[in-house]
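Participant: Coordinates only, no sequence provided:
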């Protein structure tokens with residue numbers, strides 16, 4: 001059974017960097033043809049895909065967030081990471097990590113709420 005778990009600070013001050021970790025179990029983040037995504041949902045809004053890191057380490061980002069977003073990984077720990085620079089209150093959301101396989105987003109973490117506020 002594949003499981004993903006998000007972790008990180010629940011409160012970030014405006015202008016600071018929002019940093020989250022996704023820990024994966026039950027699968028390797030280097031499994032061929034699998035991608036590992038970050039998605040968020042702000043209050044009252046739809047899900048927004050932020051970006052993905054593929055099994056071979058390539059990254060792809062939502063163009064609207066690309067200038068502020070970085071996704072990286074630690075294959076030894078089977079973790080991948082999200083960094084969102086210059087956070088604003090509009091970045092307040094529940095952040096999810098998920099697995100992308102064969103055009104499906106088949107496994108999700110439970111989500112973690114991050115509030116951007118002074």
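Facilitator: Good, I have the coordinates. The model shown is predicted, which means the values in this text are computed figures rather than measured ones.
Participant: mind listing what the residue positioned nearest the centre of the chain touches?
Facilitator: The residue lying closest to the centre of the chain (CA atoms, centre = their mean) is residue 38, at 2.7 Å. By CB atoms under 8 Å, 6 or more residues apart in numbering, the contact list for residue 38 reads 20, 22, 49, 50, 51, 52, 71, 82, 95, 96, 97, 98. Yep, even glycine has a C-beta here, placed from its N, CA and C like the rest.
Participant: what's the least confident helix or strand in the chain, going by average pLDDT?
Facilitator: strand 104-108 (a mean of 94; mean pLDDT, DSSP states H and E).
Participant: helices or strands next to that one in the packing?
Facilitator: In this structure, strand 104-108 makes packing contacts with strand 3-7, strand 93-101, judged by 3 or more CB pairs under 8 Å, 6 or more residues apart in numbering; DSSP states H and E.
Participant: In its sheet, which strands sit next to it, and in what direction?
Facilitator: strand 93-101 (antiparallel) (DSSP bridges).
Participant: Might you report the residue contacts of residue 27?
Facilitator: So residue 27 contacts 2, 34, 99, 107 (CB under 8 Å, 6+ apart).
Participant: same thing but at 7 Å, please
Facilitator: By CB atoms under 7 Å, 6 or more residues apart in numbering, the contact list for residue 27 reads 2, 99.
Participant: same question, the one 3 residues further on
Facilitator: If a contact means CB under 7 Å, 6+ apart, then residue 30 has 55, 75 as its contacts.
Participant: Do I have it right that residue 13 meets residue 92?
Facilitator: No. Using CB atoms under 7 Å, residue 13 is not in contact with residue 92, being 12.0 Å away.
Participant: more neighbours, these two?
Facilitator: Using other CB atoms under 10 Å, the more surrounded residue of residue 13 and residue 92 is residue 92, with 18 against 12.
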